[in-house]
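**Student:** Quick one: sequence plus predicted model below, questions after.
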Amino acid sequence: MNAREERSGALARIPGMMSVPVCGIRKTEQEVSLLRQFEVYAYRAAYYLLQQEEAASAAAADALLQSFHDEAFRNGDELSRQQIIKKRVIRSCLNHLREARRARMAE
């Protein structure tokens, strides 16, 4: 997977994140831009943990969506944002693994 495919992966899964709304709210544009800075980082961390492209993309999207609504993420410096994303990606990956395990046990 090349960098271009990685960039279009996680945010593409979040409804409305690939294009800024027509109303052009400046704050939304800045928040989306901020999330795009961490999109590849989130995907790579999730892929490292899950070793599956689709699951990693879903986990990264979950982490990014949670961060979109977090004021601490939006107001923090780059290091604190990276730590927040990392924690959320790990939590999202663990949740994905739990769900996959439950599904296997239900079969």
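**Tutor:** Arrived safely, thanks for sending.
**Student:** all contacts plus neighbour counts: C-alpha atoms, from now on.
**Tutor:** OK.
**Student:** helices or strands up against the longest helix anywhere in the chain?
**Tutor:** If you go by DSSP state H, the chain has its longest helix at helix 78-106. In terms of contacts (3 or more C-alpha pairs under 8 Å, 6 or more residues apart in numbering; DSSP states H and E), helix 78-106 is packed against helix 26-50, helix 53-68, helix 71-75.
**Student:** Swap in 7 Å and give it another go.
**Tutor:** Here helix 78-106 touches helix 26-50, helix 53-68, going by 3 or more C-alpha pairs under 7 Å, 6 or more residues apart in numbering; DSSP states H and E.
**Student:** buried stuff in the last one?
**Tutor:** Across helix 53-68, burial judged by 16 or more other C-alpha atoms under 10 Å covers 53, 55-68.
**Student:** Show me what it is packed up against.
**Tutor:** Taking 3+ C-alpha pairs under 7 Å, 6+ apart as the contact cut, helix 53-68 packs with helix 26-50, helix 78-106.
**Student:** List the buried residues in the last one.
**Tutor:** Okay, so that is helix 78-106. Buried-residue list, helix 78-106, by 16+ other C-alpha under 10 Å: 81-82, 84-86, 88-94, 96.
**Student:** Could you do the first one as well?
**Tutor:** Buried residues in helix 26-50, counting neighbours by 16+ other C-alpha under 10 Å, are found at 31-32, 34-36, 38-47, 49-50.
**Student:** Just want the angle from that helix to helix 78-106.
**Tutor:** Using axes from the mean of the first three to the mean of the last three C-alpha atoms, to 10 degrees, the inter-axis angle of helix 26-50 relative to helix 78-106 is 50 degrees.
**Student:** Who are the contact partners of residue 59?
**Tutor:** Residues in contact with residue 59 (C-alpha atoms under 7 Å, 6 or more residues apart in numbering) are 46, 89, 92, 93.
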